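K.L.:
Provide a 3D model corresponding to the input given below.
(2 chains)
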Amino acid sequence: MTGPSATLALTDLTKVFRIKTGAFSHAELRAVDEVSVSITPGRTLAVVGESGSGKTTLARLILRLIDPTGGSIRLEGADITRMKGAALEDMRGRMQIVFQDPYDSLSPWQTVGRTVAEPLILHENMSKQDAGDRVSAMLERVGLSPEHARRYPHELSGGQAQRVGIARAMITNPALVVLDEPTSSLDMSVQSQILLLLQSLQEERNISYLFISHDLTVVRYIAHDLAVMYLGKVVESGPAAEVFSSPRHPYTEALLKAAPRPDPHYKTDQVHLLGEQPSALDRAPGCPLYGRCPISEDVCADTPQELVETDPGHRVACWKRT
Amino acid sequence: MSAILELRGLEVEIEGLPILRGVDLEVRPGEILGVVGETGAGKSMTARAILDLLPAAATVSFEECTFGGTDFIPPRARQLARGHQIGFVPQRPRGSLNPVFRVGKQIVDTLRRLRGMARTQAREEALNLLRSVRITDPERVYRSYPHELSGGMCQRVCIAIALAGEPELIIADEPTTGLDVTIQAEILKLLGEVIAEHNAAGMLITHDLGVVADVCDRVAVMYAGRVINLGTTVEIYREALHPYANQLVSIAGSLDSGGTPQEIPGRVPNPGDELVACAFAPRCFRAEDDCYGEEPPLVHIGGQMAFCHHPLTSEAVSV
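P.N.:
Predicted coordinates for the structure are as follows:
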């Protein structure tokens, strides 16, 4: 998956948080643990996993909102892992994000026009006047009218507010857009409108998407590639269609079987994982799923599992399934 | 089969804004009825009207409302049933438990109030209830505070509390929203099982068509304060009469199969928006002049009912 042509390439990206557990003691939380994935232009990599799996920390690392503990991030070939100051500011126009809650992510004091123009003013040193035409064109492209530029966020519906969030992300022509649960707070009929918009923008501009979601129905529709995370680790990755049709890791299997589908003849399966996801703090040194896994053996407790390629592009971190 | 809960023409107005504009539905013994719809359709308001939990500013009126054969129109009747004949499972389990009391005390208090049990007897019954919601270490959970439990565990506790009054109907309002997929599957399975074990019926409010397909026997689809289509789950997912229900299901289905979803133009109306005779007409691909001018008629086909001038009957679909 990694190559010079990738928009985004992560190598062993790691983020460790130090959590204070007492006056003189602390514990380490490996929120993102040696993650290596890449995205080529025009493709969508979906990162799925349950709460606490490290999806959002991964997104924040990629956008350089927090500093990684180890590993590297390359955006369009440039190493941005330790980039700082003006150089980093220049890169920010190439990577943008669309947030989950469309209202929370728009400033209530700024008009839509001002919000969408801001990236141009910041990253392309445009004046407010010059930005106007680009803003109008962008608003029309995302299905709003230029008149919306004068409105405030509270005057918009949820779907319209998310279109503004998309316009703001797309206006600098980024190479990579991180979509953090962009449709999960929207109604079903509006959800499909936003997904169709995201898809047509991708085809038109050859953008790479990192799509973070827990909604497997949406992922099934939009993703080209899939990475499944559990307690900070990627446990399985590969072409989305293949992972959906023949999951190999026991966690992926449980996740897919537990997800309800809109078909009355399809019944979700008995979830065969034991208990609930433990805290990332008291994780065994071996496989993160050890203790919940129905097929685990004693060796799983302390033998770290590496991703191994089983089919072209399809990688699994489980010695029993490779 | 006579219904356990029957509602006709439920209307709710809050500060002059019509929230529910004539809700008709019935829950039959032993079944789980799914109530689906988008934001503002009136799903939760319907549940709150049944439990008499609407805000003080609300005015409520029914044409008909019976529960187990008794008249349910007087607010007092609905208040008395709350907790007793009707159990309620909330959307945010941790927020619905009292953070300063141990879980055990909260169940015991409920049992003492609802069933007049003595303290020791209530303690035994509380542990039994925790066991009945498949909690493997009831003693520990009994002694825990809500913040010491996971979201899924808190929801099991809430289900145990809903069962405390030995209800005939359990209303669950988005019981798995905010829970992880694997936990969601366990909670839904548990709900289905305890409803069957207690010979009760269920009403499951959700916006997730996957959840409905998984656990519900029949589905009521709401739009702008009305149930616009009701039928068995298979009927609604295969051949919904109402164009809105039909498109909603087909969007979910095509996303699921990786196909391109149909687009429903426009957006869901807000309470207070000016509505035409059929509230969905401005977004409907089958709408004609009569949809704007005349109230849509009630259509019965098979086990389905729908309010629509131009329902998608099989011969119409083939056109």
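K.L.:
Close to chain B: what parts of the stretch 101-250 of chain A are there?
P.N.:
When proximity is defined as C-beta under 8 Å from any C-beta of the partner chain, the stretch 101-250 of chain A approaches chain B at A:157-160, A:187-193, A:195-196, A:214, A:216-218, A:220-221, A:241. Quick note: C-beta positions are derived from backbone N, CA and C, even for glycine.
K.L.:
just the buried members of those?
P.N.:
Taking 16 or more other C-beta atoms under 10 Å in any protein chain shown as the criterion, what is buried in these is A:157-160, A:187-193, A:195-196, A:214, A:216-218, A:220-221.
K.L.:
Residue A:17 and residue A:32 touch, don't they?
P.N.:
No: between residue A:17 and residue A:32 there is no contact under C-beta atoms under 8 Å: 9.8 Å.
K.L.:
Who has more neighbours out of the two?
P.N.:
Taking neighbours as other C-beta atoms under 10 Å in any protein chain shown, residue A:17 and residue A:32 compare with residue A:32 leading, 30 against 16.
K.L.:
Which strand residues bridge the more buried one?
P.N.:
residue A:15 (DSSP bridges).
K.L.:
what pLDDT does the residue in chain B positioned nearest to chain A get?
P.N.:
Nearest residue of chain B to chain A, counting by C-beta to the nearest C-beta: residue B:210, 3.3 Å away. We have a pLDDT of 91 for residue B:210.
K.L.:
burial measure for it, as a count.
P.N.:
Neighbour count of residue B:210, defined by other C-beta under 10 Å: 21.
K.L.:
hey, C-alpha coordinates of the helix or strand hosting it in PDB?
P.N.:
Using DSSP states H and E, residue B:210 maps to helix B:209-215. This file holds the C-alpha atoms of helix B:209-215, laid out as PDB (Å, rounded to 0.1, in the frame of the first residue of the first chain):
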ATOM      1  CA  LEU B 209     -33.300   1.000  10.100                       C
ATOM      2  CA  GLY B 210     -30.700  -1.700  10.800                       C
ATOM      3  CA  VAL B 211     -31.800  -2.000  14.400                       C
ATOM      4  CA  VAL B 212     -35.500  -2.100  13.400                       C
ATOM      5  CA  ALA B 213     -34.900  -4.900  10.800                       C
ATOM      6  CA  ASP B 214     -33.000  -6.800  13.500                       C
ATOM      7  CA  VAL B 215     -35.600  -6.900  16.300                       C
END
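K.L.:
Run through who's touching it.
P.N.:
For helix B:209-215, the surrounding residues in contact (C-beta atoms under 8 Å, 6 or more residues apart in numbering or on different chains) are A:188, A:217, A:259-264, A:266-268, B:32, B:34, B:36, B:176, B:184, B:188-189, B:191-192, B:204, B:206, B:219, B:233, B:237, B:248-249, B:252, B:256.
K.L.:
Of those residues, keep whichever come out buried.
P.N.:
Using 16+ other C-beta under 10 Å, the buried ones in those are A:188, A:217, A:259-264, A:268, B:32, B:34, B:36, B:176, B:184, B:188-189, B:191-192, B:204, B:206, B:219, B:233, B:237, B:248-249, B:252, B:256.
K.L.:
what does stretch A:301-309 contact?
P.N.:
Contacts of stretch A:301-309 (C-beta under 8 Å, 6+ apart): A:36, A:234-237, A:284-287, A:290, A:315-319, A:322.
K.L.:
least confident pick among those?
P.N.:
Per-residue pLDDT puts residue A:284 lowest of the contacts of stretch A:301-309, at 73.
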